[in-house]
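Colleague: from the sequence below, what's the structure:
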Amino acid sequence: MGPVADPSSFCSLAKCITKHLNLTFRVDFDSHVIKGKVALTIEVLEDKFSSLILDTKDLEISSVTANGQAANFSLGTQHSFSGTPLEITLPFVLSRGQHVIVEVTYETSPKASALQWLKSEQTAGKKHPYLFSQCQATHCRSMVPCQDTPSVKHTYYAQVSVPRELVALMSALRDGQEPDPQDNNRTIYRFRQTVPMPSYLIALVVGALENREIGPRTRVWSEKELVDQSAYEFAETESMLKTAEQLAGPYVWGQYDILVLPPSFPYGGMENPCLTYVTPTLLAGDRSLSNVIAHEISHSWTGNLVTNKTWEHFWLNEGHTVYLERMIGRSLESEQFRQFKAIGGWKELQESVNTFGAENPLTNLVPNLHEVNTDEAFSSVPYEKGFALLYHLEELMGGPEVFMGFIKSYIQLFAYNSVTTEEWKSYLFTYFKDKVDILNKVDWAGWMHTPGMPPVKPQYDTTLADACIALCKRWIQAKDADLAGFSEADVKALSSHQLIEFLALLLQENPIPLSHAKRMQEVYNLNAINNAEIRFRWLRVCMRAEWEEAVPLAFKMATEQGRMKFTRPLFRGLYNFEKFRAEAVSTFIKHRGAMHPVTAALVAKDLKVTQDQATGF
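Modeller: From the prediction side, this is the model:
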């Protein structure tokens with residue numbers, strides 16, 4: 001498995017590979033920078049090796065050494081989103097197989113795209129500032145000069161100096177703490193990650209954090225205001241971990257902690273090893289949202305242990321993780337539940353394809369990312385088109401038990417490595433060597449390299465969806481005279497998952513009239529529901545019905561949390577409501593500073609806000 005060119009990285013992949021990082025961070029909340037030093041242990045892959053390139057973005061480099069000797073370095077041309085190559089010339093020449101320790105001393109920028117610095121008023125406790133990193137996909141280079149590509153895996157050791165009243169956590173095992181010998185107002189926290197992992201999984205959090213033990217290898221961390229509620233919400237984590245181990249093999253990362261982040265975290269979850277990040281929008285008082293945890297747990301095998309070699313093969317991470325997540329759901333709930341979740345996933349895929357456009361090459365399962373910003377390519381396509389392909393293969397190969405045998409074997413074969421779609425496919429044909437004639441009939445080009453919806457729509461079991469479909473149909477077909485026929489009893493027997501599905505179905509139809517939206521609120525009282533997935537879809541139904549009374553609620557949800565899955569469509573819905581377009585833009589500009597940099601950039605694009613408007617020139 002030789003090196004593959006990575007269009008999202010400048011680093012010298014064919015020449016050398018990082019085996020270990022030793023990180024020293026001093027977190028400075030006053031200037032919003034990390035003063036850093038990284039020692040990279042690098043293995044040489046060619047003879048006459050004397051120079052290398054690392055990825056950086058907005059870093060100020062002050063010195064570079066190689067095995068303790070000063071090394072010449074220069075920063076190349078800055079690229080609009082990929083950062084700046086750091087070119088290092090060694091003071092000696094090395095041969096293939098030798099190792100060198102390259103040490104870079106540097107400082108991050110206050111605008112580092114991996115880091116979000118929160119003021120104390122943006123936290124739950126309102127007393128202390130907070131910092132969190134989000135490195136996926138290509139943002140680690142704004143925090144650490146490195147080979148910022150998923151095709152390189154390394155271990156790491158870190159020590160982090162933070163103000164004494166705060167706690168530091170990383171995507172690694174905690175390895176003790178001590179007063180900072182250079183400043184008795186600070187504490188140094190130490191971490192070690194002994195399982196090789198890609199740079200995008202390096203994570204750092206600093207805040208006024210507390211924890212509760214919720215299992216033999218799990219603690220939940222958050223600010224103290226949310227820690228008990230979080231412990232309640234994620235109490236079933238150990239049973240999910242055990243179920244995942246039965247399906248996919250032993251959990252190799254030791255600890256599985258969960259961190260509930262402040263509301264501006266842009267994703268549902270992030271699978272950092274030993275420290276899964278989750279959004280506080282999961283704290284809804286009902287455990288129906290635990291599929292996010294099942295998803296992040298699954299990444300411990302598909303993504304973290306077996307990793308896509310470049311971001312063009314992102315579906316290998318996400319499609320397999322959704323497949324495994326739904327297999328966990330099947331074990332803990334039922335096969336019907338898995339089928340039901342798959343139906344919802346197909347709808348999310350349809351929505352992404354509609355948003356991008358059915359001809360957009362970013363809806364390919366394996367897109368070409370040359371000169372494409374990975375943040376802008378992000379969608380449910382790798383998740384749900386990937387899942388649909390695996391489910392299609394499961395049906396062809398003999399059902400879930402048979403296909404899960406392949407998934408487990410694939411994980412064992414490629415564990416600790418990074419893999420391409422071709423390598424995955426080649427192993428699929430090897431594993432099912434007695435069914436090659438069936439595999440040869442699969443429309444591989446249609447699945448992998450063609451935009452739009454997949455060439456085959458799987459036939460899912462609709463048992464749990466039928467009630468949602470029937471209720472949706474009633475509302476769509478209802479005339480004003482029929483509205484009296486709806487009552488609270490319609491939704492009494494529906495689970496949260498089914499209510500989400502009912503609203504998702506409504507969003508695929510033409511907008512319902514205002515009279516219908518008002519009656520729906522009257523009989524179902526959807527405004528009173530805190531489940532973020534339900535609330536988000538309900539508010540979009542209201543926006544499409546142009547119900548003005550719902551507009552303040554939509555603005556509230558769009559600005560009080562920063563999860564892109566919710567924030568972007570809500571802002572788009574408000575923008576499309578002609579009467580509130582200007583308010584949507586001005587509200588975004590007002591709240592932009594509190595948003596994660598990635599979220600702010602993408603919402604600005606959605607709302608056609610120029611840089612000048614955003615900065616008030």
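Colleague: which stretches of this structure have low pLDDT?
Modeller: Scanning the chain for pLDDT under 70 picks out the ranges 1-3, 285-290, 611-617.
Colleague: which parts of the longest helix belonging to the chain are buried?
Modeller: The helix of greatest length in the chain, counted in residues with DSSP state H as the criterion, is given as helix 335-356. For helix 335-356, burial by neighbour count (16 or more other CB atoms under 10 Å) applies to 337-353, 356. Bear in mind the C-beta positions are built from the backbone N, C-alpha and C, glycine included.
Colleague: which residue of the protein sits farthest from its center?
Modeller: Distance from the C-alpha centroid of the chain peaks at residue 481, with 45.7 Å (CA atoms, centre = their mean).
Colleague: elements contacting the helix or strand hosting residue 543?
Modeller: Using DSSP states H and E, the secondary-structure element containing residue 543 is helix 532-544. Judged by 3 or more CB pairs under 8 Å, 6 or more residues apart in numbering; DSSP states H and E, helix 532-544 is in contact with helix 496-508, helix 514-524, helix 551-560, helix 564-576.
Colleague: and the third one with helix 564-576, angle?
Modeller: To tie it back to what came earlier, the one meant is helix 551-560. In this structure, helix 551-560 runs at an angle of 140 degrees to helix 564-576, with axes from the mean of the first three to the mean of the last three CA atoms, to 10 degrees as the basis.
Colleague: which residues touch helix 551-560?
Modeller: Contact partners of helix 551-560, identified using CB atoms under 8 Å, 6 or more residues apart in numbering, comprise 263, 527, 532, 535-536, 539-540, 542-543, 566-567, 570-571, 573-574, 577, 580, 583, 587, 591, 594.
Colleague: same thing with the last one?
Modeller: With contacts defined as CB under 8 Å, 6+ apart, helix 564-576 is touched by 266-268, 281, 532, 536, 539-540, 543-544, 551, 554-555, 557-558, 561, 580-581, 583-585, 587-588, 595, 598-599, 602-603, 606-607.
Colleague: tell me the helices and strands packed up against the longest helix of the chain.
Modeller: In terms of contact count using 3+ CB pairs under 8 Å, 6+ apart, helix 335-356 is assigned the packing partners helix 314-332, helix 386-397, helix 496-508.
Colleague: return the most buried member of those.
Modeller: For the helices and strands packed on helix 335-356, average neighbour numbers computed from mean count of other CB atoms under 10 Å are highest in helix 314-332, which has a mean of 24.
Colleague: how near is the closest residue to residue 600 other than its chain neighbours to residue 524?
Modeller: Sequence neighbours aside, residue 592 is the residue nearest to residue 600 in space, at 4.9 Å (criterion: CB to CB, 6 or more residues apart in numbering). Noted for residue 592: a distance of 34 Å to residue 524, by CB to CB, to the nearest Å.
Colleague: which of those two has more residues huddled nearby?
Modeller: With neighbours defined as other CB atoms under 10 Å, residue 592 and residue 524 compare such that residue 524 has more, 20 against 17.
Colleague: not counting sequence-adjacent ones, nearest residue to the more buried one?
Modeller: In this structure, residue 524 finds its nearest non-sequential neighbour in residue 491, 5.4 Å apart by CB to CB, 6+ apart.
Colleague: just residue 167 next, same as before
Modeller: residue 209 (4.3 Å).
Colleague: can you give me every residue that contacts that neighbour?
Modeller: Contacts of residue 209 (CB under 8 Å, 6+ apart): 166-167, 169, 221-223, 259.
Colleague: the residue farthest from the centre of the chain: what's it in contact with?
Modeller: Contacts of residue 481 were listed using CB under 8 Å, 6+ apart, and none were found.
Colleague: what about it, which SS state?
Modeller: Per DSSP: H, G, I helix; E, B strand; the rest coil, the secondary structure class of residue 481 is helix.
Colleague: list the contacts of the residue nearest the centre of the chain.
Modeller: For the chain, residue 270 is the residue whose C-alpha lies nearest the centre (CA atoms, centre = their mean; 4.7 Å). Going by CB under 8 Å, 6+ apart, residue 270 touches 134, 136, 203, 276-277, 296.
Colleague: now, those residues that are in helices?
Modeller: Checking the contacts of residue 270 against DSSP H, those in helices are residue 296.
Colleague: go through the contacts of residue 270 and name the one nearest residue 423.
Modeller: Distances from these to residue 423 were compared by CB to CB; the smallest belongs to residue 136, at 21.5 Å.
Colleague: quick one: contacts for the closest one?
Modeller: Applying CB under 8 Å, 6+ apart, the residues contacting residue 136 are 200-201, 270.
Colleague: again with residue 339
Modeller: For residue 339, the set of contacting residues under the criterion of CB under 8 Å, 6+ apart consists of 460-464.
Colleague: about what we covered before: am I right that the residue nearest to residue 600 sits in a strand?
Modeller: No. Assigned with three-state DSSP, residue 592 falls outside any strand and is helix.
Colleague: any idea how far it lies from residue 120?
Modeller: Using CB to CB, which is the criterion applied here, residue 592 is 19 Å from residue 120.
Colleague: residue 595 now?
Modeller: 17 Å.
Colleague: quick one, which of the two is more surrounded?
Modeller: Here residue 595 and residue 120 are set side by side on neighbour count (other CB under 10 Å), and the busier one is residue 595, at 21 against 13.
Colleague: how many neighbouring residues does the closest residue to that one other than its chain neighbours have?
Modeller: Using CB to CB, 6+ apart and skipping the chain neighbours, the partner closest in space to residue 595 is residue 562 (5.2 Å). Other residues within reach of residue 562, judged by other CB under 10 Å, total 27.
Colleague: report the contact partners of residue 562.
Modeller: 263-266, 594-596, 599.
Colleague: now tabulate those in JSON lines and tack on distance to residue 428.
Modeller: As requested, the contacts of residue 562 are arranged in JSON lines below (distance: CB to CB, whole Å):
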{"residue": "263", "distance to residue 428": "41"}
{"residue": "264", "distance to residue 428": "40"}
{"residue": "265", "distance to residue 428": "35"}
{"residue": "266", "distance to residue 428": "33"}
{"residue": "594", "distance to residue 428": "45"}
{"residue": "595", "distance to residue 428": "41"}
{"residue": "596", "distance to residue 428": "37"}
{"residue": "599", "distance to residue 428": "36"}
